[in-house]
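>>> What follows is a predicted protein model with its sequence.
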Amino acid sequence: MESGLSVSNMQDPSSSPLEKHLASANGNGDLESEEGSSLEEIGFNWGEYLEETGASAAPHTSFKHVEISIQSNFQPGMKLEVANKSNPDTYWVATIITTCGQLLLLRYCGYGEDRRADFWCDVVIADLHPVGWCTQNNKVLMPPDAIKEKYTDWTEFLIRDLTGSRTAPANLLEGVCIVIIHLMYLR
């Protein structure tokens, strides 16, 4: 099996962006641990790392465990309505943060840049709907309990938050339903 990274094109690891940051973090290479901190927060950039070390990114074919047969076409920044984890009979608007095959990393609207409540969902089995579905189907839109007190007028907040935003098209979510129905008949 061919590796995307050869020994001949690697520089001294202590000169990588991550190693430089670790070495300067507190003098001995250890990161100070803070609640909610992660390597992502220190500004590590894979693109820069690969460029500085002369390494190549591993090809997608190296990750056969990742489901690529479902091309979701969901894009970061799209909005959709999803079942509310704190109250399963209600829904709330969420923003797609990132995608990975059929998985979406979502953040409920109202959390701003706070990543602590981000959650992954599988588009095949999650209760996802286009924005406006709750209104059309007489379902309740309710913010998660953790942020309920953050705004006094959630309707006004949603109007501002959704104005000019991209919403997940209904056909993407309908396609998911077709896949589920098809899988049910295959059993």
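Structure received. Residues are numbered from 1 along each chain as shown.

>>> any idea how far Asp161 is from Gly110?
Using Cβ to Cβ, to the nearest Å, Asp161 is found at 8 Å from Gly110. (C-beta placed from N, C-alpha, C; glycine too.)

>>> I should have written Met142 there, sorry.
Following Cβ to Cβ, the distance that separates Met142 from Gly110 is 11 Å.

>>> do Thr90 as well
Per Cβ to Cβ, Thr90 is found 14 Å from Gly110.

>>> Which one of the two is surrounded by more residues?
Taking neighbours as other Cβ atoms under 10 Å, Thr90 and Gly110 compare with Gly110 leading, 21 against 16.

>>> Let me see the contact set for the more buried one.
By Cβ atoms under 8 Å, 6 or more residues apart in numbering, the contact list for Gly110 reads 92, 143-144, 147, 150-151, 154, 157, 161.

>>> If we use 7 Å, what do you get?
By Cβ atoms under 7 Å, 6 or more residues apart in numbering, the contact set of Gly110 is 143, 147, 150-151, 157.

>>> Among those residues, name the buried ones.
Buried subset of those (neighbour count, 16 or more other Cβ atoms under 10 Å): 143, 147, 157.

>>> Narrow those residues to those in strands?
Using DSSP state E, no member of the buried ones among the contacts of Gly110 falls within strands.

>>> Closest to Trp46 out of these?
Comparing those against Trp46 with Cβ to Cβ picks out Ile147 as the nearest, at 31.6 Å.

>>> Let me know the secondary structure of the residue lying closest to that closest one once chain neighbours are set aside.
Of all residues not flanking Ile147 in the chain, Gly110 sits nearest, at 4.6 Å (Cβ to Cβ, 6 or more residues apart in numbering). Here Gly110 is coil, with the state taken from DSSP: H, G, I helix; E, B strand; the rest coil.

>>> need the buried ones among the contacts of Gly110 in JSON lines with distance to Leu104, can you?
Converted to JSON lines, the buried ones among the contacts of Gly110 look like this (distance: Cβ to Cβ, whole Å):
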{"residue": "Pro143", "distance to Leu104": "19"}
{"residue": "Ile147", "distance to Leu104": "20"}
{"residue": "Phe157", "distance to Leu104": "22"}
